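1. Just need the structure, nothing else, for what follows:
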Amino acid sequence: EAEIVLALSEGTMSSDSRDVGIPVNDLRDYVAGQLMTKSKLTEIIEKRDLFRLRKKLGMEFAIDELSENMEIAIWHNSFLIDDETGGRSARIGITYGDTDPALALEVARDLAQVVVQEQNAKQQEMATELAHQLVRMRVELAQKLVDLRNNQAAKQVEHDRAVQRGQRGVAEALDLEIDSLERQAKVMDQEMDTISQSRDLVADRIAASGLDINLAIVEEHRPERPESHAFVIILSAVVVGLGSLIGSALLSGAGDALWHDTEDVARLGLPFLGHVPGFPGD
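-> As a prediction, this is how the structure comes out:
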């Protein structure tokens, strides 16, 4: 088994979202389901020529086999605040097993690279969408501000005419409307400044979309290359042979009810009188 460890760290741009943790299962599902896409797993299988039965059983079979040989572990999580970095962090371990240690390491590296690349691609996609959102907000707010200023100018013209005609009540009512429109315009001006300059608004949106999450490979554990199969077979044969000899001797001794010497007689508590010399057929 080869293991590649990824460090997942979150920035500190948004203070509002820092108290929200990411459950372990959700993080694991995100990595396995969102970042390890079938198309990317297919590329790895074809690149490393894994599971040659796929040519008969199909790519879905190969993807299932790859998933069974792989394990994703999450630790140092709940996305707690990291005292050292100021943000939250977690570790993601991607383990892959194979009878060939070198191949296991290569596939584990491929899987880790896929996770990092897919996360970067998603961040780029989200960054583009965020930029478009901010542009749309500015355009919509600018149009609303133009409409409000036009309405305010029209009300001012009506007010001036009412004053010229001596319509005091109408002029006072228009004054109130103009004041209300001016207050709305000031609010919109402030919102425009906020969208254009406020770091907090952009930071909150960046944090909400996951753009301040960084993912990088930090550790690599190579599998130990096992001893040669021939040596293992010979060693196993020697151990089994010695064990068989010892076991046979013990069983033979345990099942032997004959008396062989004077010590056998003494252990029974009987008096020893003498012995018969050996003879043919004894």
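2. neighbours around the closest residue to T37 other than its chain neighbours, how many?
-> In this structure, T37 finds its nearest non-sequential neighbour in E118, 6.7 Å apart by CB to CB, 6 or more residues apart in numbering. For glycine as for every other residue, the C-beta is placed from the backbone atoms N, C-alpha and C. Other residues near E118 come to 17 when the count uses other CB atoms under 10 Å.
3. Then V265?
-> By the measure other CB under 10 Å, the count of residues near V265 is 15.
4. wait, it sits on F272?
-> Yes - using CB atoms under 8 Å, V265 and F272 qualify as a contacting pair, with a distance of 5.3 Å.
5. could you give me the average pLDDT of the helix ranked longest in the chain?
-> The helix that spans the most residues within the chain, counting by DSSP state H, is helix 101-165. Model confidence over helix 101-165 averages 88 on the pLDDT scale.
6. And the next helix or strand past that helix?
-> Sequence order places helix 168-197 as the next helix or strand after helix 101-165, per DSSP states H and E.
7. Output the contacting helices and strands for that next one.
-> The helices and strands touching helix 168-197, judged by 3 or more CB pairs under 8 Å, 6 or more residues apart in numbering; DSSP states H and E, are helix 101-165.
8. if we go to 10 Å?
-> Packed against helix 168-197 by the contact rule (3 or more CB pairs under 10 Å, 6 or more residues apart in numbering; DSSP states H and E) you find helix 101-165, helix 199-209.
9. Model confidence at the residue nearest to the spatial centre of the chain, what's the number?
-> When the chain is reduced to its mean C-alpha position, the nearest residue by CA atoms, centre = their mean turns out to be V31, at 4.1 Å. At V31 the predicted local distance difference test score is 89.
10. and it, helix, strand or coil?
-> Here V31 is recorded as helix under DSSP: H, G, I helix; E, B strand; the rest coil.
11. Tell me the spacing between it and N150.
-> Here V31 is placed at a distance of 53 Å from N150 (CB to CB, to the nearest Å).
12. And for I213?
-> In this structure, I213 and N150 are separated by 44 Å, where distance is defined by CB to CB.
13. again, but for S89
-> Using CB to CB, one obtains 52 Å as the distance from S89 to N150.
14. Please say which of those two ends up with more neighbours.
-> For S89 versus N150, neighbours defined as other CB under 10 Å are more numerous around S89 (17 against 10).
15. Now do the more buried one, the pLDDT please.
-> Confidence for S89, expressed as pLDDT, is 77.
16. same for the host helix or strand of it, what does it pack against?
-> Under the criterion DSSP H and E, the helix or strand holding S89 is strand 89-96. Using 3+ CB pairs under 10 Å, 6+ apart as the contact definition, the elements that strand 89-96 packs against are strand 2-10, helix 24-29, strand 70-75, helix 101-165, strand 213-221.
17. give the contact list for P271.
-> Taking CB atoms under 10 Å, 6 or more residues apart in numbering, we find P271 in contact with V265.
18. do you know how far G241 is from A73?
-> In this structure, G241 and A73 are 42 Å apart, going by CB to CB.
19. if you count what's nearby, which of the two comes out ahead?
-> Relative neighbour count places A73 above the other of G241 and A73, with 13 against 10, counting by other CB under 10 Å.
20. Is it correct that that one is in contact with R28?
-> Yes - in terms of CB atoms under 10 Å, A73 counts as a neighbour of R28; the distance is 8.1 Å.
21. what residues are shared contacts of those two?
-> I92.
22. where does the chain dip in pLDDT?
-> Using pLDDT under 70 as the threshold, the predicted model of the chain has low-confidence ranges 11-22, 76-88, 196-212, 225-229, 252-257, 259.
23. Thank you, goodbye.
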